[in-house]
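S.K.: Sharing a model that was predicted from the sequence below.
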Amino acid sequence: MSLNHLQIVIKGAGEMASGVAWRLFNCGFTRLCMTDVAQPQAVRREVSFCEVVYDEVKTVQGVTAKLIKTFKEVSDAWDCGQVPVIVDPEARIINHFKPSVVIDAILAKTNLGTKITDAPLVIGLGPGFCAGGDVHLVVETNRGHNLGRLIRNGEAQKNTGVPGVIAGYGAERVFRAPKEGHLTVLREIGDMVKEGDVVAEVNGSPVKALINGVIRGMLRDGTGVWKGMKTGDIDPRGNRDFCYSVSEKTLAIAGGVLEGILSFYNR
C-alpha cells in the first residue's frame, strides 16, 4: 500500500487538528476523517474545520472539509476531494474504519480515551499522553525550542496556562469573559481594533481589547461562557492575512505529525 492511501482518523477538528489535516492533505494524505463534538467552540474559527458543524462546508487555504452524518459518507467526501468531518465525540469511527493512523488532536491536556491499540500508529498532541504508553508518539505543542518535536519515549511539557508571546505580548492578546453568561459579538474576526475598544459583551458586561491589533479569533455569537473563559484573541502584528491562514505554531506541530507518519511507515 502506498503511503498516500493510508487511512487516517484525526480526533478533534479545531485549530491545531485542522492545521494537521491541512498539512497532511497537501502532502498527499487525502484519506483523512476528522471527528468532533456536536457544539465545537473554536476561537480561531477561520482556520478550523469544526465550523462545518454549523456551516456544512469549510475551506481553509484551499482545502475543503465537509460535514458528514454517517460513516458510509466518508468515501463520498474523498471522491470529491474533501476532508470529511463527523460528529462523533467517542470516535466510534475508529472501530468501523480500522485506520492506519489515529491522531489525537483534541488538546484537552489529558487523554480522553485514546489507546495505543487504536491503530498501528497512534500519535498524541501535547500533554496528557505518554509515548510508549497510551500512544506510540507524542508531538510537543509548547512554544519554544522543542515546539513540534517528536517524542518517542515519555511525555510533552506540562501545560503552562500562559499564552504564547507574539510581538512582545502574551496574556494581553487574549479576550476573556468577565462573567458567566452568553457572548454577544460586536466586532468580527479580521477587524482592526485599538486598546480599550469593546469587542464583545457577556450579558451586558464589556469585553475590551487590551492592545492594538487585529482580531484573529472569536467564539461564535451566542456561545455560553464562564468567567475567565477565553473568548477570542488579538494579533498585535496587525496583518489581516494571518487571521485566515494556518499559524506558524500549528505548522510546526503538523510537521511533527508528518515526521511521525513518514518515519513509521518508511521503516
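M.R.: The structure has been received and is ready for your questions.
S.K.: In a strand, residue 242, correct?
M.R.: No: read with DSSP: H, G, I helix; E, B strand; the rest coil, residue 242 is helix and lies in no strand.
S.K.: That one contacts residue 213, doesn't it?
M.R.: No: using Cβ atoms under 8 Å as the test, residue 242 is too far from residue 213 to be in contact (10.0 Å). Any C-beta I mention is one placed from the backbone N, CA and C, and that applies to glycine too.
S.K.: And these two? Which one has more around it.
M.R.: residue 213 (23 against 18; other Cβ atoms under 10 Å).
S.K.: lowest-pLDDT helix or strand in this protein?
M.R.: Counting by mean pLDDT, DSSP states H and E, the chain has its least confident helix or strand at helix 93-97, which shows a mean of 92.
S.K.: buried set for it?
M.R.: By neighbour count on 16 or more other Cβ atoms under 10 Å, the buried set for helix 93-97 is 93, 94, 97.
S.K.: Name the nearest of those relative to residue 38.
M.R.: Of all the buried residues of helix 93-97, residue 93 has the smallest distance to residue 38: 14.9 Å, by Cβ to Cβ.
S.K.: so what's the closest one up against?
M.R.: Shown in contact with residue 93 (Cβ atoms under 8 Å, 6 or more residues apart in numbering): 9, 33, 35, 71, 74, 86.
S.K.: residues in contact with the last one?
M.R.: Residues touching residue 86, when contacts are defined by Cβ under 8 Å, 6+ apart, comprise 33, 34, 35, 36, 67, 68, 69, 70, 71, 73, 74, 93.
S.K.: Hmm, which of these is lowest in pLDDT?
M.R.: pLDDT across the contacts of residue 86 is lowest for residue 71, at 92.
S.K.: And for that residue, the neighbour number?
M.R.: Applying other Cβ under 10 Å, we find 16 residues neighbouring residue 71.
S.K.: now do the one 4 residues further on
M.R.: In terms of burial, residue 75 registers 12 neighbours under the definition other Cβ under 10 Å.
S.K.: Would it be right to say that it lies in a helix?
M.R.: Yes: membership of residue 75 in a helix is supported by three-state DSSP.
S.K.: roughly how far apart are it and residue 26?
M.R.: 21 Å (Cβ to Cβ, to the nearest Å).
S.K.: Residue 132 now?
M.R.: Applying Cβ to Cβ to residue 132 and residue 26 gives a distance of 30 Å.
S.K.: chain center to the least confident helix or strand of the chain, what's the gap?
M.R.: 21 Å (Cα atoms, centre = their mean, to the nearest Å).
S.K.: Following it in sequence, what is the next regular element?
M.R.: strand 101-104 (DSSP states H and E).
S.K.: Tell me the helix or strand right after that following strand.
M.R.: As the chain continues past strand 101-104, the following element, by DSSP H and E, is strand 121-125.
S.K.: Okay, now the sheet partners of that next one, with direction.
M.R.: Strand 121-125 pairs in its sheet with strand 101-104 (parallel), strand 137-139 (parallel), by DSSP bridges.
S.K.: Okay, buried residues for whichever strand or helix holds residue 231 please.
M.R.: Using DSSP H and E, residue 231 sits within strand 230-235. By 16+ other Cβ under 10 Å, the buried positions in strand 230-235 come out as 231, 232, 233, 234, 235.
S.K.: Next one: residue 122 from residue 264, what distance?
M.R.: Distance from residue 122 to residue 264, by Cβ to Cβ: 10 Å.
S.K.: Same question for residue 62.
M.R.: Going from residue 62 to residue 264 by Cβ to Cβ gives 27 Å.
S.K.: just residue 207 next, same as before
M.R.: As judged by Cβ to Cβ, residue 207 and residue 264 stand 44 Å apart.
S.K.: who has more neighbours, those two?
M.R.: Taking neighbours as other Cβ under 10 Å, residue 207 and residue 264 compare with residue 207 leading, 23 against 16.
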